[in-house]
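S.K.: no sequence on this one, just coordinates:
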């Protein structure tokens, strides 16, 4: 009967001794608990129990060296490798810590100038200031020249400055040419004769006038009017910009001369 009453008290005494030893190890100044947890046998037991080697009690603060993450202590101090002040390890939202990763405090992130941004595809370019020469595209050049025979006089310059913008079909200048005036009068005489043979001659004269630069609408204009015109208007065959003006009003030019 006496043995049965003593046994429960003996078990309580043993448990208190074990807890006392554990507490003394936990608060030991030489961090014996930390070294004990790193022993191979203890590590195997922790793994068998489902605890990682870096498992820390929830109510225990851990201090570590940001430069050497493997250095961890349960109290403040300096790193034995770089003599850097140990910082408190913060919780990472319950996520697992990857091997070789480092944990920075908010102050360290600010001092390092770390910035966060969403990953995106960007075009890398660099602006360069340099000198160069501007030249026209030679494939787009167009020269306006005199097609009328002999000498011609420039009566009117419709486009009279360099840099002017010209549209296709816009009048550039008007010239006077005696041969063109005579040919117009010849055309009107053939038109008045009204014979069957004149149709071929009229087509020949029209072809000659077009070859000298007279537009079809100008031919119809003097034909309808019934009198020859002194001015032959030259229209722009293309749209573009005048890059060079070579003549002025009142100037005489020869056949083939650039205007």
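M.R.: Yep, that arrived. Just so it is clear, the structure is predicted and the values come from calculations on it, not from any experiment.

S.K.: Show me the shaky parts of the stretch 1-150 of the chain.
M.R.: Where the stretch 1-150 of the chain drops to pLDDT under 70, the residues are 1-60, 90-105.

S.K.: What of the stretch 151-259 of the chain?
M.R.: Across the stretch 151-259 of the chain, residues meeting the criterion (pLDDT under 70) sit at 196.

S.K.: what's in contact with stretch 217-227?
M.R.: 184, 187, 188, 191, 206, 209, 210, 228, 229, 232, 233 (CB atoms under 8 Å, 6 or more residues apart in numbering). Quick note: C-beta positions are derived from backbone N, CA and C, even for glycine.

S.K.: which phi and psi does the first one have?
M.R.: Okay, so that is residue 184. For residue 184, the backbone dihedrals are phi -60, psi -40 (criterion: degrees, to the nearest 10).

S.K.: circling back: for PyMOL, what selects the buried ones among the contacts of stretch 217-227?
M.R.: In PyMOL syntax, the buried subset of the contacts of stretch 217-227 is picked out as below (16 or more other CB atoms under 10 Å):
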select buried, resi 184+187+206+209+229+232+233
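
S.K.: Of the contacts of stretch 217-227, which is the nearest to residue 134?
M.R.: residue 233 (32.6 Å; CB to CB).

S.K.: Let me see the contact set for the closest one.
M.R.: Residue 233 makes contact with 171, 173, 174, 215, 218 under the criterion CB under 8 Å, 6+ apart.

S.K.: Which of those residues ranks first by neighbour count?
M.R.: residue 173 (21 neighbours; other CB atoms under 10 Å).

S.K.: Got the phi and psi for the closest residue to that residue other than its chain neighbours?
M.R.: Leaving aside its chain neighbours, residue 173 sits nearest to residue 157 (5.1 Å; criterion: CB to CB, 6 or more residues apart in numbering). Main-chain torsions, residue 157, degrees, to the nearest 10: phi -110, psi 110.

S.K.: ok, now residue 219?
M.R.: Per degrees, to the nearest 10, the backbone of residue 219 is at phi -60, psi -40.

S.K.: How many neighbouring residues does it have?
M.R.: When neighbours are defined as other CB under 10 Å, residue 219 has 16 of them.

S.K.: start to end distance for stretch 127-144?
M.R.: Start-to-end span of stretch 127-144 (CA to CA, to the nearest Å) is 40 Å.
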